[in-house]
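Student: Build the 3D model from these lines:
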Amino acid sequence: MTSIDLVLTEEHACNYLEGQSASSAFVHPSFALSTRVYSQLIAQGFRRSGDHVYAPYCRQCSQCVAARLAVNEFKPKRRQKRCRTKNTATQTFIKPAVFDPLHYDLYLRYQQSRHGDGDMLHTSPEQYMDFLGSRWCDTVFVEFVHDGQLIAVAVVDRLPNALSAVYTFFDPDYSAYSPGVYAVLWQIEYARQWQLDWLYLGYWISNCAKMNYKTDYQPIQLFVDRQWRNRL
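Tutor: Numbering: from 1, shown residues only. Okay, here's the model as predicted:
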């Protein structure tokens, strides 16, 4: 067993629940992180943001619940099958997690469409890579291309027994293709091909509409009371 020091942030306005305050427990910057160590931490409810690993630590709220999918048990719903059919001609390309101006421009377009009044709209190239990239994690940027057009990018961490869906952004003009859904379906299949056990989907929040999509992928598991439990 390894002891890991955590740093607790000050309370701030919650990004997901209006009127709520939030704080997080971060792995101390002096601790040497690696993909192997992170695979153990993510199994305990932690997540990565850039080089930093954290877990929600809110005094009066416990709605942020880590979620993962057992990829070999996944059975697509009808609308997920339709999404696959729509994207029959969509190609995927796995790229290194390095700055690409085309990715960055797409990211800004996505932020303008989805979060037009948010701070992320003004993200600089350095901030963009600090958020999505990592110096110690095995991360890839997966391109989704339709008729020669880049329509989405999924940022994916590759772990010894799992994939972790970090973030996906897409061209709003291609929303009819449900690129966010297709990115998750692709990651499920990719994990299966590499004989991995899990796809980690980040935090699920029951009272946040933006997070509810995660329970569309079944059988989903939630990390509750320090244990992974199936949620049907």
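
Student: Give me the pLDDT for residue 142.
Tutor: For residue 142, the model assigns a pLDDT of 98.

Student: Tell me how many other residues surround it.
Tutor: Other residues within reach of residue 142, judged by other C-beta atoms under 10 Å, total 18. From N, CA and C alone the C-beta is placed, and that goes for glycine too.

Student: any idea which element the closest residue to it other than its chain neighbours lies in?
Tutor: Spatial nearest neighbour of residue 142, excluding adjacent residues (C-beta to C-beta, 6 or more residues apart in numbering): residue 154 at 4.4 Å. Take DSSP states H and E as the rule and residue 154 turns out to sit in strand 149-159.

Student: how about that strand as PDB, C-alpha atoms only?
Tutor: As requested, the backbone C-alpha atoms of strand 149-159 are provided in PDB (Å, rounded to 0.1, in the frame of the first residue of the first chain):
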ATOM      1  CA  GLN A 149     -14.400  16.300 -42.700                       C
ATOM      2  CA  LEU A 150     -13.200  16.200 -39.100                       C
ATOM      3  CA  ILE A 151     -16.400  16.000 -37.100                       C
ATOM      4  CA  ALA A 152     -15.300  15.000 -33.600                       C
ATOM      5  CA  VAL A 153     -12.300  14.400 -31.400                       C
ATOM      6  CA  ALA A 154     -12.400  12.100 -28.400                       C
ATOM      7  CA  VAL A 155      -9.700  12.400 -25.800                       C
ATOM      8  CA  VAL A 156      -9.100   8.900 -24.300                       C
ATOM      9  CA  ASP A 157      -6.700   7.600 -21.600                       C
ATOM     10  CA  ARG A 158      -5.500   4.000 -22.100                       C
ATOM     11  CA  LEU A 159      -5.000   2.100 -18.900                       C
END
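
Student: Thanks again, I'm all set now.
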